[in-house]
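# Need coordinates for the below:
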Amino acid sequence: WSSTSLQFFGGWVCPQFSGSWSLRPAMRWRRGGSLRALCWCGAALACRWLPFRAHRVWTGPQLRTPLHASHHTAAAPVVPAPALEASMTPPACMLPAPPATLLLASGADLASVTMAEAVLDHPAFEWASQGHGRWSAEAPALRGRVHLWWREERLSCLERVDEAWEAVHTAGEAPLGDLLFLSRHAAASGRPSLTVHPIGNPRSDLEPRGGTAGRLAPPSPRLAPLLRQLREAHGAAGEGLADFDVTFEATHHGPFVKTPALFAEVGSTEAEWGRRDAGRCWAEALWRLLARSGEGASSAEAPEAVVVVLGGNHYMTQVNDLAHSHPELSVGHMLPSYIFADASEEEVQAMVLEAVRATARAHPSAREVIVLALKKNLRAAPRRAALAAVKECRESGEWRGPELRTVGSTRELAAALTAEA
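Predicted coordinates:
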């Protein structure tokens with residue numbers, strides 16, 4: 001109350017900036033004026049309505065409080081609700097900037113070089129070099145700032161690269177929201193493929209493939225949207241890429257980072273790594289993902305439901321169709337059946353809880369985390385251990401994340417999502 005004062009002029013309440021509140025009527029007191037005094041006091045109590053005006057944060061139309069309608073020839077106009085809401089919307093310059101996206105490429109990786117060159121050649125991004133292997137996209141159509149950082153190390157060895165970026169990027173810019181690694185994919189089958197997967201090393205007792213054993217990075221909420229955009233770009237590419245599979249991969253290698261991340265890959269042999277048409281397909285998919293008109297939500301805008309997959313093959317084909325047909329679902333970590341082989345009950349539970357917690361961290365607005373423990377793909381012992389871990393986590397007082405529940409098949413999950421919709 002010490003920041004403002006009220007002054008009454010002919011029945012209108014007008015705030016003035018001074019050291020204390022005061023009531024100074026513009027007319028002299030008259031005998032029998034107690035009713036008028038009560039009116040003034042009642043208006044003073046309306047101060048809880050006045051902070052917008054008194055503290056000068058109100059951006060809408062002029063606000064006044066009439067005490068007596070007879071003092072004015074016409075009543076003050078009533079602002080319609082939609083107009084009032086619109087007037088309260090802060091200017092765009094006052095809104096927080098959307099989180100930035102960092103694309104990472106490696107000169108030691110042929111597929112990464114091919115993909116990065118295609119992205120930099122994509123005219124829609126409007127790239128500007130920042131020096132030292134860093135570029136920033138200037139296109140106003142982007143959802144947020146997009147940067148590309150060229151490194152010489154292997155991508156799986158870029159431990160905590162998000163912290164390294166924060167140490168060198170321009171001060172005052174939006175914080176990172178996602179890391180997208182542009183990488184090669186190698187497979188003994190040699191089958192051409194375009195793959196997307198979350199990152200981390202689930203097993204704590206095995207030598208990590210980059211990163212830290214037993215640690216999983218938060219999975220980017222853009223995993224499922226990117227696969228959908230990649231499918232569309234792949235279809236538009238025509239016969240040239242018809243022999244390429246488009247699929248999710250399971251979580252299987254590092255590095256470890258604290259920022260939500262994913263790997264986007266071209267595979268599976270050197271013949272595919274250098275294919276410029278595959279690089280252009282990825283560039284188009286990334287543009288569709290990151291443009292304002294796309295569906296590439298940041299962590300804060302991600303869908304309310306996110307799934308953690310337990311069981312299945314390394315190529316998560318059963319999740320591909322689920323993500324494509326249910327855009328209201330986000331996809332988190334995917335742990336294949338082979339990762340649970342020979343693991344003790346304690347090791348299984350540690351892997352499952354790490355996957356659930358990392359996924360929840362990447363989806364702060366999620367209403368629920370759904371653990372899909374595939375009955376047909378997961379052996380009985382690890383499945384029992386996994387379900388017990390989820391139940392204990394859900395019922396313990398330590399869990400502060402979204403609601404946890406389990407389902408046993410993609411059909412059951414699809415039915416639940418359809419019922420909720």
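
# what packs against the biggest helix by length in the chain?
Using DSSP state H, we find that the single longest helix of the chain is helix 345-362. For helix 345-362, the packing partners by 3 or more Cβ pairs under 8 Å, 6 or more residues apart in numbering; DSSP states H and E come out as strand 305-310, strand 329-335, strand 368-373, helix 380-395. Every C-beta, even on glycine, is put in place using the N, C-alpha and C of the backbone.

# now the closest residue to Leu179 other than its chain neighbours: how far from Ala373?
With sequence-adjacent residues excluded and distances taken as Cβ to Cβ, 6 or more residues apart in numbering, Leu179 is closest to Ala261, at 4.0 Å. Look at Ala261 and Ala373: by Cβ to Cβ, to the nearest Å, they are 24 Å apart.

# Same drill for these two, tell me which one is more crowded.
Using other Cβ atoms under 10 Å as the criterion, Ala261 and Ala373 rank with Ala261 on top: 28 against 22.

# Quick check: the gap between that one and Thr418.
30 Å.

# Check the separation of the first and last residues in stretch 254-268.
One end of stretch 254-268 sits 19 Å from the other (Cα to Cα, to the nearest Å).

# Need the mean per-residue confidence for it.
Per-residue pLDDT over stretch 254-268 has a mean of 98.

# and the end-to-end length of stretch 130-139?
Terminal-residue distance, stretch 130-139 (Cα to Cα): 15 Å.

# just how off-centre is it within its chain?
22 Å (Cα atoms, centre = their mean, to the nearest Å).

# And the helix or strand hosting Asn320, what's buried?
Under the criterion of DSSP states H and E, Asn320 resides in helix 317-325. For helix 317-325, a neighbour-count test (16 or more other Cβ atoms under 10 Å) marks 318-320, 322-323 as buried.

# roughly how far apart are the residue nearest to Phe263 when sequence neighbours are not counted and Tyr338?
The shortest distance from Phe263 to any non-neighbouring residue, by Cβ to Cβ, 6+ apart, is to Phe181 (4.7 Å). Distance from Phe181 to Tyr338, counting by Cβ to Cβ: 23 Å.

# ok, which stretches of the stretch 51-200 of the chain are strands?
Taking DSSP state E, counting those that start in this stretch, the strands of the stretch 51-200 of the chain run over residues 100-106, 127-131, 134-137, 146-151, 176-186, 193-197.

# Can you tell me what sits against the fourth one?
I take that to be strand 146-151. 100-107, 116, 119-120, 125, 127, 130, 133-137, 158, 161, 165, 169, 290 (Cβ atoms under 8 Å, 6 or more residues apart in numbering).

# Quick check on those residues: which are buried?
100-106, 116, 119-120, 125, 127, 134-137, 158, 161, 165, 169, 290.

# how about low-confidence regions in the stretch 151-300 of the chain?
170-172, 293-300 (pLDDT under 70).

# Show me where it has its helices.
161-168, 223-236, 270-273, 276-290 (DSSP state H, counting those that start in this stretch).

# Of all those helices, which one comes closest to Leu194?
Of all the helices of the stretch 151-300 of the chain, helix 223-236 sits nearest to Leu194, with 5.9 Å by Cβ to Cβ.

# Who are the packing partners of that closest one?
By 3+ Cβ pairs under 8 Å, 6+ apart, helix 223-236 packs against strand 193-197, strand 245-248, strand 261-268, helix 276-290, helix 317-325, strand 329-335.

# Can you tell me how far Arg275 is from Leu110?
Counting by Cβ to Cβ - Arg275 and Leu110 are separated by 10 Å.

# before we move on, the earlier item: of the strands of the stretch 51-200 of the chain, which is nearest Gly332?
For the strands of the stretch 51-200 of the chain, the distance to Gly332 is smallest for strand 193-197, at 11.3 Å, taking Cβ to Cβ.

# Neighbouring strands - and their directions - for the closest one?
strand 245-248 (parallel), strand 261-268 (antiparallel) (DSSP bridges).

# Serialize those strands to a markdown table and add fields for distance to Gly214.
As requested, the strands paired with strand 193-197 are exported to a markdown table (distance: least, Cβ to Cβ, whole Å):
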| stretch | distance to Gly214 |
| --- | --- |
| strand 245-248 | 22 |
| strand 261-268 | 17 |
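
# Can you tell me which of those is most buried?
Counting by mean count of other Cβ atoms under 10 Å, strand 261-268 has the highest mean neighbour count of the strands paired with strand 193-197, with a mean of 25.

# Tell me which helix or strand Lys375 sits in.
Using DSSP H and E, Lys375 is not contained in any helix or strand.

# And the pLDDT for it?
At Lys375, pLDDT is 95.

# Next up, the contacts around the closest residue to Ser409 other than its chain neighbours.
With Cβ to Cβ, 6+ apart as the criterion, Ser409 has its nearest non-adjacent residue at 6.1 Å, and that residue is Lys375. Contacts were defined as Cβ under 8 Å, 6+ apart; by that measure Lys375 touches 383, 408-409.

# again, but for Phe125
119, 137-139, 142, 146, 287.

# For PyMOL, write the select line for the buried members of those residues.
Listed next is the PyMOL selection for buried residues among the contacts of Phe125, using 16+ other Cβ under 10 Å:
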select buried, resi 119+137+139+142+146+287
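
# ok, Arg276 - how many residues close by?
Quick note: Arg276 (other Cβ under 10 Å) scores 12 neighbours.

# From Arg292, how far out is it?
Distance from Arg276 to Arg292, by Cβ to Cβ: 27 Å.

# Ala386 too?
39 Å.

# Which of those two has more residues huddled nearby?
Neighbour count, other Cβ under 10 Å: between Ala386 and Arg292, Ala386 has more, with 27 against 12.

# show me the contacts for that one.
310, 348-349, 352, 371, 373, 378.

# closest to His252 among those?
Distances from His252 to those, taken by Cβ to Cβ, are shortest for Leu310, at 14.3 Å.
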